[in-house]
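Q: Provided below for reference: sequence and predicted model.
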Amino acid sequence: GMKNKGNKMILLESVGTYLDTNNGMTYPANSDNTPDMTAPYHLSDIEQDEWMLSLSEEDFDVVANYLSGLV
């Protein structure tokens, strides 16, 4: 579908990580709940198993939707 190129930063609270659904980059959440832009990781570079297993059901759905191109 059409991708909205606005601010698509979603906080995955269960893993303390922001996901930018425009490009699949992730950023650690700072203590004030802002993304730490100095430590970007692409979703595909994350050690998937442990991180994925830590996701809440809601956050997993966000990631799964991004990976399947629905976001």
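A: Yes, it's here.
Q: helices or strands next to the lowest-mean-pLDDT helix or strand in the chain in the packing?
A: Ranked by mean pLDDT, DSSP states H and E, the weakest helix or strand in the chain is helix 48-54, scoring a mean of 87. Packing partners of helix 48-54 (3 or more C-beta pairs under 8 Å, 6 or more residues apart in numbering; DSSP states H and E): none among the helices and strands. In short, each C-beta sits where N, CA and C put it, glycine included.
Q: let's see it at 10 Å
A: Counting contacts by 3 or more C-beta pairs under 10 Å, 6 or more residues apart in numbering; DSSP states H and E, helix 48-54 is packed against helix 57-67.
Q: what's the offset of the helix it packs on from the middle of its chain?
A: 8 Å (C-alpha atoms, centre = their mean, to the nearest Å).
Q: what comes up buried for it?
A: Neighbour-count burial for helix 57-67 flags D59, F60, V62, V63, Y66 (criterion: 16 or more other C-beta atoms under 10 Å).
Q: so where's this protein uncertain?
A: Filtered on pLDDT under 70, the chain yields the residue ranges 1-6, 70-71.
Q: go again using 80 as the cut-off
A: Within the chain, the stretches with pLDDT under 80 are 1-7, 47-48, 70-71.
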